[in-house]
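J.: what follows is a protein structure lacking sequence information:
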């Protein structure tokens, strides 16, 4: 009954029931659309907030790791400083030992040089000693079979051509076994072989002088070179034995005096 009474009123307002329903439906749709838009904006805001929280968490994690790395760096730096100090201390201790050893060696060398000038000659290289000895020797005045061949080999020795000199002296020894120059040939052959580092061959050549020509003036000198080679290769006991033998066999010669000086310069025998 009321509904029928409202119809005249709606007619007076110019609205039909259908039009009113359509208008209300459109508003509902608009409100629903607005609500959807607002829901989207709300979801966006929620996503942004969550992302912000994630960023803050990641930032906090980075800060934590950075602090941990800084602590590790400080620890490593402390270890490095400690090791550096230990290394410097070890280097200083080593330097002190080296200096002390150098001073001790200098004192020993000074004592040895005061006792005799002969041991200082042992500091000269074999090549220099051989060159000095060859220069001071007048081989051309020595007569003997095959003297020209001997002289050529000896000249090569003086020129420092030790390999060629060895070959020349070996050829001379093979061609002229009866020559009076044989002691000299063996002696200089051993000297040249020693300079070339052929220690075993040098010992054989020098021993040939002492064994085959014991009365030769080169015999005691050959024994001195033998002792020198033994000392150079670390066989001090053999060097001492040979020097004693020089003193016993050639006691009145300058070679024996050299042997005495070299014997005093040798390290003390182990008991």
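T.: Now that the structure is in, tell me what you want to look at. Everything quoted here is computed from the prediction, not taken from an experiment. Numbering: from 1, shown residues only.
J.: in the protein, which helix or strand is least confident?
T.: With mean pLDDT, DSSP states H and E as the measure, the helix or strand of the chain carrying the lowest mean pLDDT is helix 118-121 (a mean of 38).
J.: just give the nearest non-adjacent residue to residue 219, would you?
T.: residue 210 (5.1 Å; C-beta to C-beta, 6 or more residues apart in numbering). No exception for glycine: its C-beta is placed from N, CA and C like everyone else's.
J.: quick check, pLDDT for residue 46.
T.: We have a pLDDT of 79 for residue 46.
J.: same question, residue 16
T.: Residue 16 is given a pLDDT of 55.
J.: can you check residue 95 too?
T.: Reported pLDDT for residue 95: 66.
J.: same question, the one 3 residues further on
T.: Residue 98 is assigned a predicted lDDT (pLDDT) of 58.
J.: residue ranges of the helices in the stretch 101-250 of the chain, please?
T.: 118-121, 126-136, 147-158, 162-175, 182-195, 199-212, 218-232, 236-249 (DSSP state H, counting those that start in this stretch).
J.: identify whichever of those helices lies nearest to residue 260.
T.: helix 236-249 (6.0 Å; C-beta to C-beta).
J.: what lies in contact with that closest one?
T.: 214, 220, 223-224, 226-228, 230-231, 255-256, 259-260, 262-263, 266-267, 269 (C-beta atoms under 8 Å, 6 or more residues apart in numbering).
J.: could you list the buried residues of that helix?
T.: 236, 238, 239, 240, 242, 243, 245, 246, 247, 249 (16 or more other C-beta atoms under 10 Å).
J.: try stretch 251-268
T.: Judged by neighbour count (16+ other C-beta under 10 Å), stretch 251-268 contains these buried residues: 253, 255, 256, 257, 258, 259, 260, 261, 262, 263, 265.
J.: which of the residues you listed sits closest to residue 85?
T.: Using C-beta to C-beta, these come closest to residue 85 at residue 265, 43.5 Å.
J.: how much space separates the closest one from residue 213?
T.: According to C-beta to C-beta, to the nearest Å, residue 265 stands 28 Å off from residue 213.
J.: now residue 195
T.: The value you get for residue 195 to residue 213, if C-beta to C-beta is used, is 22 Å.
J.: for the two, work out which one has more neighbours and name it.
T.: When neighbours are counted by other C-beta atoms under 10 Å, residue 195 and residue 213 differ, and residue 195 comes out ahead with 22 against 18.
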